[in-house]
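[1] curious how this folds, go ahead:
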Amino acid sequence: MAILAMQAGKHVYLEKPCSHNPYENDLLVTAQKKYGKEVQMGNQQRSTQTSIMAIKDINDGVIGAVYKGEAYYSNNRGSIEKGKTIPVPKILDWELWQGPAPREAYRDNIHPYNWHWFRNWGTGEIHNNGTHEIDICRWALGVDLPESVTSFGGKYTFQDDWEFVDNQQVTFQYPDDKFITWTGHSRGLIQPTQPGRGTTIYGSKGTVQLDRNFYKLFDLQGNLIKSEFENAISATTDTTGQGQLDVNHINNFFDAIGYDKSLHAEIKDASISTLLCHLGNMAQDAGETLRIDQNTGKVLNHKKDMNAWKREYAPDWEPSL
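    Okay, the predicted model is just below:
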């Protein structure tokens, strides 16, 4: 849809994940360059004022040399059961909804939200919510593509149609001993209790804790040095996540169109965070550490995993530029 919109002369606000597979990342970046349109991904925390303030402070050395970004998401999603084939609801255009995906019969546990857990349409929790937190870690550490990716996890809860892991630990390793971790607990809350989602950035002089609503600065002894809170609260773990951060991010998109302001999440950069999530899934499926070409993001040591670089498309639905 984003490519078709650009071809029609439109600017695009594109929700995350911006792609179903890495091949589509490349298409989006190429299309944006070709058609010259503004393309903003919906990783809204890039427009959160406290996060912008925190990244500036980190860049100014408030916690010294940063080395680790810890991203996490904690929820207690229930079972999606075993789906039953039923007539398509009258409100849904099932043919159009499936878009480029190979066609499947409509079942009662797919629409409107649980498609995230089916490989034909979705990309799992690391991409559903991890995109946000992993993106903030990248931003704070000033890194792009990793040297290697390792994933551990599994499906531990409920014998249902959920096709991805529901508990996952991924490590993205970078030069200079920097690394990012993703801890995803989709079905079973992280213990001891943590906020439902967020990031912690570690440096040689202290740490910064961030979520959609606040920025907290701690020294090495864990003493709270500074707290900053958003003026309006945004949701964190429901299925819509609405709040002031959406307004800020969309306003930034409009400002880029109307006033030539810089996008906070232009697709060229946002696609890198998206690719990290794809690589996390690919490493989980491979069952071993993947070595990554830092220029292209492609896997160097597990060639069969490159089959996941592109999907099978429904007839007449493969994107073209």
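
[2] please count neighbours and contacts with C-alpha atoms only from this point.
    OK.

[3] remind me, longest strand of the chain?
    Taking DSSP state E as the criterion, the chain has its longest strand at strand 66-74.

[4] elements contacting that strand?
    helix 130-141, strand 179-185, strand 197-203 (3 or more C-alpha pairs under 8 Å, 6 or more residues apart in numbering; DSSP states H and E).

[5] could you give the separation of the last one from the chain centroid?
    Read it as strand 197-203. In terms of C-alpha atoms, centre = their mean, to the nearest Å, the centre of strand 197-203 is set 16 Å apart from its chain centre.

[6] the longest one now?
    The chain centroid and the centroid of helix 130-141 are separated by 8 Å under C-alpha atoms, centre = their mean.

[7] hey, C-alpha coordinates of that helix in CSV?
    This file holds the C-alpha atoms of helix 130-141, laid out as CSV (Å, rounded to 0.1, in the frame of the first residue of the first chain):
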residue,chain,number,x,y,z
GLY,A,130,9.8,-4.9,19.9
THR,A,131,10.1,-2.7,16.9
HIS,A,132,9.5,0.3,19.2
GLU,A,133,11.9,-0.6,22.0
ILE,A,134,14.7,-1.9,19.8
ASP,A,135,14.4,1.3,17.8
ILE,A,136,15.0,3.4,20.9
CYS,A,137,18.0,1.3,21.9
ARG,A,138,19.5,1.8,18.4
TRP,A,139,18.9,5.5,18.7
ALA,A,140,20.5,5.8,22.1
LEU,A,141,23.6,3.7,21.2
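
[8] now do it: which elements does it pack against?
    Using 3+ C-alpha pairs under 8 Å, 6+ apart, helix 130-141 sits against helix 49-59, strand 66-74, strand 179-185, strand 197-203, helix 267-286.

[9] on that earlier part again, go through the helices and strands packed on strand 66-74 and pick out the most buried.
    Across the helices and strands packed on strand 66-74, averaging neighbours per residue (mean count of other C-alpha atoms under 10 Å) puts helix 130-141 on top, at a mean of 25.

[10] could you point out which element follows it?
    Note on helix 130-141: by DSSP states H and E, the next helix or strand toward the C-terminus is strand 148-154.

[11] circling back to that earlier point, quick one: strands adjacent to the longest strand of the chain?
    Applying DSSP bridges, strand 66-74 is found paired with strand 179-185 (parallel), strand 197-203 (antiparallel).

[12] looking at the helices and strands packed on helix 130-141, spot the one closest to Asp108.
    Shortest distance between Asp108 and the helices and strands packed on helix 130-141, using C-alpha to C-alpha, is found for strand 179-185: 24.5 Å.

[13] specify the angle between that closest one and helix 267-286 in degrees.
    With axes from the mean of the first three to the mean of the last three C-alpha atoms, to 10 degrees defining the directions, strand 179-185 sits at 70 degrees from helix 267-286.

[14] just the C-alphas of strand 179-185, formatted as CSV.
    Output of strand 179-185 as CSV, limited to C-alpha atoms (Å, rounded to 0.1, in the frame of the first residue of the first chain):
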residue,chain,number,x,y,z
PHE,A,179,25.0,-4.7,22.3
ILE,A,180,21.2,-4.6,22.4
THR,A,181,19.0,-7.2,24.1
TRP,A,182,15.3,-7.8,23.5
THR,A,183,13.3,-9.6,26.1
GLY,A,184,9.7,-10.4,25.0
HIS,A,185,7.2,-12.0,27.3
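
[15] what does that strand contact?
    Strand 179-185 is contacted by residues 67-76, 125-126, 130, 134, 137-138, 166-173 when judged by C-alpha atoms under 8 Å, 6 or more residues apart in numbering.
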